[in-house]
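Chemist: Give me a model of this one.
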Amino acid sequence: MQPEPMPRTVKVVHFILTLQCFLSLLGSVLALLLAISAGGTVWILPVMAAAWAAVQGWALKRVPGRLRSTRWLLVAIGAVQGVMFLALQVADDTFDSPAALFVNVSESAVVVVLLLLPSAGRWFDRPRDAAHLSAPRTSDG
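Modeler: Residues are numbered from 1 along each chain as shown. Here you go, the predicted model:
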């Protein structure tokens, strides 16, 4: 028997998080270039951006394992990312792009909501190789 395929909700979450991870990686490269052009005085930004991209990539790699803890890790990542974008708006008065803020916060909200749906919960609550548990047993007798 084939293992249960990933439901559409989890596929959408996986796609959004892959896109966000790629953009975080791109942002860390841009932050590194900014730090180099600033004379190497602002290293915290590229380090934080690279660390965030690494956390996202690590979490994405764990999705096929279908662990319940991975689901909650992804919910936490989505929530933290949404809060980070809101905090950026509050902390930086010069950040005046409501469209970018809306897109980033709504992406994170979509990830959290989709992961809280019952279909995602059922998929993450089952072991990856649950197919062998429901297969009829044969006796060699």
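Chemist: how much space is there between the residue nearest to the spatial centre of the chain and L73?
Modeler: By CA atoms, centre = their mean, the mean C-alpha position of the chain lies nearest to L17, the distance being 4.0 Å. When distances are taken as CB to CB, to the nearest Å, L17 and L73 turn out to be 11 Å apart. For every residue, glycine as well, the C-beta is placed using N, CA and C.
Chemist: Find residues that contact each of the two.
Modeler: Shared contacts of L17 and L73, defined by CB atoms under 8 Å, 6 or more residues apart in numbering, comprise A59.
Chemist: still on that earlier bit, output the contacting helices and strands for the helix or strand hosting the residue nearest to the centre of the chain.
Modeler: With elements delineated by DSSP states H and E, L17 resides in helix 8-37, which encompasses its position. When contacts are defined as 3 or more CB pairs under 8 Å, 6 or more residues apart in numbering; DSSP states H and E, helix 8-37 sits against helix 44-62, helix 68-91, helix 98-116, helix 118-125.
Chemist: Let's have the ones you listed in TSV, adding distance to K11 and mean pLDDT.
Modeler: TSV is the format used below for these (distance: least, CB to CB, whole Å; pLDDT from 0 to 100):
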stretch	distance to K11	mean pLDDT
helix 44-62	12	90
helix 68-91	13	88
helix 98-116	10	87
helix 118-125	10	90
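Chemist: Could you provide these in a markdown table, with additional columns for distance to A31?
Modeler: Supplementary listing: the helices and strands packed on helix 8-37 in a markdown table, determined by distance: least, CB to CB, whole Å:
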| stretch | distance to A31 |
| --- | --- |
| helix 44-62 | 4 |
| helix 68-91 | 13 |
| helix 98-116 | 16 |
| helix 118-125 | 32 |
